[in-house]
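In: for reference, the sequence and a predicted model appear below.
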Amino acid sequence: MNRSDLKKISYLIFVLIFGFLGTRCATPKGELKTYPLTEFNLEKVFQENRGLRILEENATMIHDFYRGGVQEKEEGERLMKEGRWEESRIHLEKSIRFFRVVLKYLPDDEGYRNVYGDINVIFMPNLLMADNDLKLIAIYNNTGNDNKVAETKNDGLYYVAESLKTIKTEWAYQVKKELEAELPKK
C-alpha cells in the first residue's frame, strides 16, 4: 500500500465519520412521535418483568436493577390498592433505589431495549420513577405526611421531563398532567 492509497483511505474514513455525525446531529428533536397507551403502559411493563424475584443484594447487572425496580413497583401498587399505605411506601421507595442505579448508567428512556438476549422490553426508568413519585404523593396525602408532597412532586416532574426528552408517550403526558394537578395541602 503506498502513500496515495493511505491518504484515500484516511479521507474516506474522515468523510464517513463526519457523515454519520452530521446525520445524527441533523435529526430534529421536536419531531418525536407520540406513542399511544396501547403500546407503552404500566401493565405491559409489569407483565414483561414478572418471574424470578430480584433482590437488591443479588442484582448485579443493569437489567437486574431495572427488573427489580419494576417488581418492587408492582408490589407497592398492589399494596396501595389494598390500603396498606406504609408497606406500599416501602416498596415504592425500594423501586426508586433500583431505578436510580439504572439511571446512573443509562439515563435515557428508550421505549424498547434489548436486555435479555434477543428479548426487548419496555425500558422507561425515568417515567417509572415519575409514576412512583405520583403514587408516593397519594400515600403521603393519605398518611398525613404533607411536608414530603412538594419535594416528591418536583422529583416526579423532573423525571417525567427527562422521559419526554427521549420518547413521547401518552402515558408520560398522563403522569405529567396528574403531577401538575397535585396541589400541596395547606
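Out: Yep, it's here.

In: centre-most residue in the protein?
Out: Centre of the chain computed as the mean C-alpha position; nearest residue by Cα atoms, centre = their mean is P125, 1.8 Å away.

In: pLDDT score assigned to that one?
Out: We have a pLDDT of 97 for P125.

In: surely it meets F99?
Out: Yes. The pair P125 and F99 qualifies as a contact (Cβ atoms under 8 Å) at a distance of 4.7 Å. Yep, even glycine has a C-beta here, placed from its N, CA and C like the rest.

In: ok, V70 touching F46?
Out: Yes. Between V70 and F46 a contact is recorded at 6.6 Å, counting by Cβ under 8 Å.

In: between those two, which has more neighbouring residues?
Out: Applying other Cβ atoms under 10 Å to V70 and F46 shows that V70 carries more neighbours, namely 26 against 16.

In: about what we covered before: report the contact partners of the residue nearest to the centre of the chain.
Out: P125 is in contact with Y66, G69, F99, V102, L103, L106, D109, counting by Cβ atoms under 8 Å, 6 or more residues apart in numbering.

In: one more time with 6 Å
Out: Under the criterion of Cβ atoms under 6 Å, 6 or more residues apart in numbering, the contact list for P125 reads F99, V102, L103.

In: looking at those residues, which are in helices?
Out: When these are checked against helices using DSSP state H, the ones located there are F99, V102, L103.

In: so where's the protein shaky on pLDDT?
Out: Low-confidence regions of the chain, defined here as pLDDT under 70, cover residues 1-32, 116, 183-186.

In: mind giving me the domain split of it?
Out: As recorded under automatic domain parsing, the domains making up the chain are 1-31, 32-181.

In: most tightly packed of the ones you listed?
Out: Across those, the average number of neighbours (mean count of other Cβ atoms under 10 Å) peaks for domain 32-181, which reaches a mean of 18.

In: any idea how far that domain is from the chain center?
Out: From the chain centre to the centre of domain 32-181 is a distance of 6 Å (Cα atoms, centre = their mean, to the nearest Å).

In: next: stretch 173-186.
Out: In terms of Cα atoms, centre = their mean, the centre of stretch 173-186 is set 19 Å apart from its chain centre.

In: could you export it as PDB, CA atoms only?
Out: Below are the C-alpha coordinates for stretch 173-186, written out as PDB (Å, rounded to 0.1, in the frame of the first residue of the first chain):
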ATOM      1  CA  TYR A 173     -48.300  13.100  29.300                       C
ATOM      2  CA  GLN A 174     -50.900  11.500  31.600                       C
ATOM      3  CA  VAL A 175     -48.400  11.200  34.500                       C
ATOM      4  CA  LYS A 176     -47.200  14.800  33.900                       C
ATOM      5  CA  LYS A 177     -50.800  16.100  33.900                       C
ATOM      6  CA  GLU A 178     -51.600  14.300  37.200                       C
ATOM      7  CA  LEU A 179     -48.400  15.600  38.800                       C
ATOM      8  CA  GLU A 180     -49.100  19.100  37.800                       C
ATOM      9  CA  ALA A 181     -52.600  18.900  39.200                       C
ATOM     10  CA  GLU A 182     -51.400  17.700  42.500                       C
ATOM     11  CA  LEU A 183     -51.600  20.600  45.000                       C
ATOM     12  CA  PRO A 184     -49.800  20.600  48.300                       C
ATOM     13  CA  LYS A 185     -52.200  20.700  51.300                       C
ATOM     14  CA  LYS A 186     -52.100  23.800  53.500                       C
END
